[in-house]
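Peer 1: how would this look folded up:
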Amino acid sequence: MDAQPIRIALVAAACLALSACAVQSPEASGTLAGGAGVVTGQSGQPAAQPSQTGAGEPTTPADATVQPSASPTPLEPIILAGDSVAGLPFKKTAEDDVAKLLTAELGPADDDYSGPFCELDPDTPYSRTLTYGGLSVLFLAKDDKSDSERYLNGWSFNLEENMVEPITLAEGLTTSLSFQELAAKFPKGKLEHNDLIGDEGYTFTTPGGIKLNGNGSVEWISAGFDSMCE
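Peer 2: You can find the predicted model right below:
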């Protein structure tokens, strides 16, 4: 919370130097009564004192209450696992349910593709891919019909984009681990050379089914995405 500004009031005493005494009539306004420092007017009654509150300063009613500002609602974590997104399982969760959750947490998708899963093969299942920053989420139908119901089938995350909250990885994974560090952290995982990625292409699969892929270093992470394209 930002600190409230602190006001410091500086009060200076005014000194009046009198070089000579002048005789004033009792009727003169502004005379000093008995040296007591009370300014009197012509009637002898105390004159009105100026307000100590600055003319430009707003006043607050005594019964006014200050309402605290509302705290932003914390975002629910979107955990990317080997078989689910935010706890929604692959091949069982309808497209609309996943899309509503992701849009509520991350805002509108940056990209939205619909068409055959393999663009050059119209006989492959009809698909839709929603992209939110580095996260892409795949939905597949059970046939090649565009009006067939589609279900969550997998996700991938492009590490050219930073992975920030509320998105996080399951299994205690971080995006900075090398293939060697992954093999040490997950002795039951599987490290494979992948010629389709490059000469130094590798895919490491965790025990939970998350795949970390890249040429020399991890460049993207994925789960699901059963490949049917040549």
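Peer 1: Tell me which helix or strand comes right after the biggest strand by length in the chain.
Peer 2: Taking DSSP state E as the criterion, the chain has its longest strand at strand 121-132. The C-terminal neighbour of strand 121-132 among helices and strands, as given by DSSP states H and E, is strand 135-140.
Peer 1: Show me where the protein has its helices.
Peer 2: According to DSSP state H, the chain carries its helices in the segments 95-106, 179-185.
Peer 1: Mind putting those into a markdown table with mean neighbour count and mean pLDDT?
Peer 2: (Glycine included, C-beta is placed from N, CA and C.) Listed next are the helices of the chain as a markdown table, based on neighbours: other C-beta atoms under 10 Å; pLDDT from 0 to 100:
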| stretch | mean neighbour count | mean pLDDT |
| --- | --- | --- |
| helix 95-106 | 15 | 97 |
| helix 179-185 | 14 | 96 |
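Peer 1: now for those helices, which one comes closest to Asp123?
Peer 2: Set against Asp123 and scored by C-beta to C-beta, the helices of the chain come closest in helix 95-106, at 20.8 Å.
Peer 1: Could you list every helix and strand in contact with that closest one?
Peer 2: Packing partners of helix 95-106 (3 or more C-beta pairs under 8 Å, 6 or more residues apart in numbering; DSSP states H and E): strand 78-80, strand 88-89, strand 121-132, strand 135-140, strand 151-158.
Peer 1: before we move on, back to that, what average pLDDT does the longest strand of the chain get?
Peer 2: Mean pLDDT, computed over strand 121-132, is 94.
Peer 1: could you say what helices and strands it packs with?
Peer 2: Using 3+ C-beta pairs under 8 Å, 6+ apart, strand 121-132 sits against helix 95-106, strand 111-118, strand 135-140.
Peer 1: Recalculate using a threshold of 6 Å.
Peer 2: On a contact count with 3 or more C-beta pairs under 6 Å, 6 or more residues apart in numbering; DSSP states H and E, strand 121-132 meets strand 111-118, strand 135-140.
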